[in-house]
Structure formats: structure tokens, C-alpha cells
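**Student:** with the sequence up front, the predicted model follows.
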Amino acid sequence: MRNKIVAGNWKMNNDLENAEALISETIKLFKPNPDDRVLMIMCVPFPYLMVASELTKNTAIKICAQNCSEHTVGAYTGEVSAKMLRSIDIPYVIVGHSERRKYFAENSTVLSKKVDQALTNGIIPIFCCGEPVEVRASNSHQDYVINQIREGLFHLSSELIKRTVIAYEPVWAIGTGQTATATQAQDMHALIRKKLSHHYDVDTADSTTILYGGSLSPSNSKELFSCPDVDGGLIGGASLNAKNFVEIAYSF
């Protein structure tokens, strides 16, 4: 049975004082029912990873890095390797967020290597995919997204893909206030699962967690999470408010 996941991506927000306050408030508010299998993840900037890990120790909250290098070690000033993340017990890392693809020119070759680095070091990658507005407008969004997954993930074995979380984020709905309808989200999630089934098998497809991201909020999360192939969300702005973030987690 797939876990239900709410992952909050802080992006480049919060100073240390605000980060500690946000984590502490979230811990205070989030009291999950173990039977609901809801996992909360906080994706924090690199400087706060160890502080966040310490604050959330022995809680139901897990910590995630927002990126990692495709390299294992070496002269790559400013980069952070998956091996470094593993050494401080970070269990998750985002790979291929649309902002990394757009602003830092990360392509499928680079991203497939990042996925490998994460998995080799025992870290679960949250692999992002999604189409920009012009691709959606041209009605080629299905091929676009499936190609991202094929190039970034389909080199993995069945066992490794089961350990990977996929996050579908329509780029036109990130930070714009626009949100894919429940039907649009379900259609894409079902397509991704269908392609996983074809490339691997039904059990692998049914075991892989697929999240929706794109202007998720307490006002739309319940409808989106009710879709049979939507296993949770990768949340941006709403995760910067503890009350909103926890309310989304209670939407299942």
C-alpha cells in the first residue's frame, strides 16, 4: 500500500530564526493518526538541514534536501553530494524541480545521474516532472511529461523505481495561483501509472507514489487528494505557513 505524502518545498525562503519557528509550530500542530499512513516531509535549504533533522527527531516529520549533485566527490565548488546528505541522515532529496530545469539548465542526462546518486546513497529521490504552459496549450503535455520520466527514471530497476517518489507539477500552476483541476491531475497521474505498468509491471506501478504539485492549498487539497492516483502533494507557498501546511496534510 502506497504512503500518503505531503512534502513542503520551502525553496529559497526563511532565515534560521524563521525556519526554527516554522518547524516547531508544524510539529506542535501535526498529530497524525498512524493508521492513516500520512507522511509529512519538509524540504528545507541546505544550511538548515541538520537543525531541521534535530528538531524533528522522534516526530512524524521527515527532512528533505532540495537538490544534490550528479557527482560523487571532487572539485565542484558550491555543490552538495548525495553522500554528504547521507552522512547527516537526510532521507529524501528533490531532483529535477522545474526551477532547476529552467534556471540551472538541468537536463535529463544530469537528472538521471542525480537520481542514481540519491538511490546509491540510500536516499529517496522526489523526481519532478511537468509541462510549461505552451506545451499544455499545444496539447502535447502527455508526451512531454512521459518523456521526462522515460529519460530520467526508466533506466532504474523495478525495485529502485518503487523507492522513488514522482511529483507531477504542471509548471503553469506553480506559484501562479492557477491549479490543475482534479480531472486534469488525475488524468496525468493515471497516465504516469499506466506507463510505469507498461514499462515494468502492475505491481510496480501500484507501489509507486505519485504526488501533485502546483498551487496546492487547504481550499483545493481535499478534492485533489480524493483522486485515486494522487498520493499526496509537493507543496510550495502553503508550506511556509504551519497552519495551512498541516491543514493540507489532514485533507486525506
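**Tutor:** Cool, got the structure. On a predicted model such as this, the values are computed, not experimentally measured, just so you know.
**Student:** could you check how far the nearest residue to L211 once chain neighbours are set aside is from I23?
**Tutor:** Distances taken as Cβ to Cβ, 6 or more residues apart in numbering place A167 nearest to L211, at 4.3 Å, with adjacent residues excluded. For glycine as for every other residue, the C-beta is placed from the backbone atoms N, C-alpha and C. Distance of A167 to I23, computed by Cβ to Cβ, to the nearest Å: 21 Å.
**Student:** just want to know which of the two has more residues nearby.
**Tutor:** A167 (28 against 23; other Cβ atoms under 10 Å).
**Student:** residue contacts, that one?
**Tutor:** By Cβ atoms under 8 Å, 6 or more residues apart in numbering, the residues touching A167 are A7, I94, I126, F127, C128, C129, I210, L211, Y212, G213, L234.
**Student:** now, those residues that are in strands?
**Tutor:** Among the contacts of A167, the ones falling in strands (DSSP state E) are A7, I94, I126, F127, C128, C129, I210, L211, Y212, L234.
**Student:** can you list phi and psi of the residue nearest to L211 for me?
**Tutor:** phi -120, psi 110 (degrees, to the nearest 10).
**Student:** start the count at 15 instead of 1 going forward.
**Tutor:** Okay, residue one is now 15; in that scheme the one you just asked about reads as A181.
**Student:** buried set for the helix or strand that I160 is a member of?
**Tutor:** According to DSSP states H and E, I160 maps onto helix 155-167. Residues of helix 155-167 classed as buried under the neighbour-count rule (16 or more other Cβ atoms under 10 Å) are H155, Q156, V159, I160, Q162, I163, G166, L167.
**Student:** same thing with stretch 257-266?
**Tutor:** Judged by neighbour count using 16+ other Cβ under 10 Å, the buried positions of stretch 257-266 are N258, F259, V260, E261, I262, A263, Y264, S265, F266.
**Student:** same check on stretch 240-250?
**Tutor:** C241, D243, V244, D245, G246, G247, L248, I249, G250.
**Student:** circling back: by neighbours, which of the ones in strands among the contacts of A181 wins?
**Tutor:** Neighbour-wise, these (other Cβ under 10 Å) top out at Y226, 31 neighbours.
**Student:** contact partners for that residue?
**Tutor:** Listed by Cβ under 8 Å, 6+ apart, the contact partners of Y226 are A181, Y182, E183, A194, A199, H203, L238, V244, G246, G247, L248.
**Student:** next: K128.
**Tutor:** Shown in contact with K128 (Cβ under 8 Å, 6+ apart): N81, C82, S83, E84, A96, V109, G110, E120, P139.
**Student:** so how far is T223 from it?
**Tutor:** Counting by Cβ to Cβ, the gap from K128 to T223 is 18 Å.
**Student:** can you check V124 too?
**Tutor:** With distances taken as Cβ to Cβ, V124 is found 23 Å from T223.
**Student:** okay, the top helix by length along the chain in PDB with CA atoms only?
**Tutor:** Counting by DSSP state H, the longest helix found in the chain is helix 196-213. What follows is helix 196-213, C-alpha atoms only, in PDB (Å, rounded to 0.1, in the frame of the first residue of the first chain):
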ATOM      1  CA  ALA A 196      -8.900  17.400 -10.200                       C
ATOM      2  CA  THR A 197      -9.700  15.800 -13.600                       C
ATOM      3  CA  GLN A 198      -6.500  17.200 -15.100                       C
ATOM      4  CA  ALA A 199      -4.400  16.000 -12.200                       C
ATOM      5  CA  GLN A 200      -6.000  12.500 -12.100                       C
ATOM      6  CA  ASP A 201      -5.600  12.100 -15.900                       C
ATOM      7  CA  MET A 202      -1.900  12.800 -15.800                       C
ATOM      8  CA  HIS A 203      -1.300  10.700 -12.700                       C
ATOM      9  CA  ALA A 204      -3.200   7.800 -14.200                       C
ATOM     10  CA  LEU A 205      -1.200   8.100 -17.400                       C
ATOM     11  CA  ILE A 206       2.100   8.100 -15.500                       C
ATOM     12  CA  ARG A 207       1.000   5.000 -13.600                       C
ATOM     13  CA  LYS A 208      -0.100   3.300 -16.800                       C
ATOM     14  CA  LYS A 209       3.300   3.900 -18.400                       C
ATOM     15  CA  LEU A 210       5.000   2.500 -15.300                       C
ATOM     16  CA  SER A 211       2.800  -0.600 -15.600                       C
ATOM     17  CA  HIS A 212       3.800  -1.000 -19.300                       C
ATOM     18  CA  HIS A 213       7.500  -0.500 -18.700                       C
END
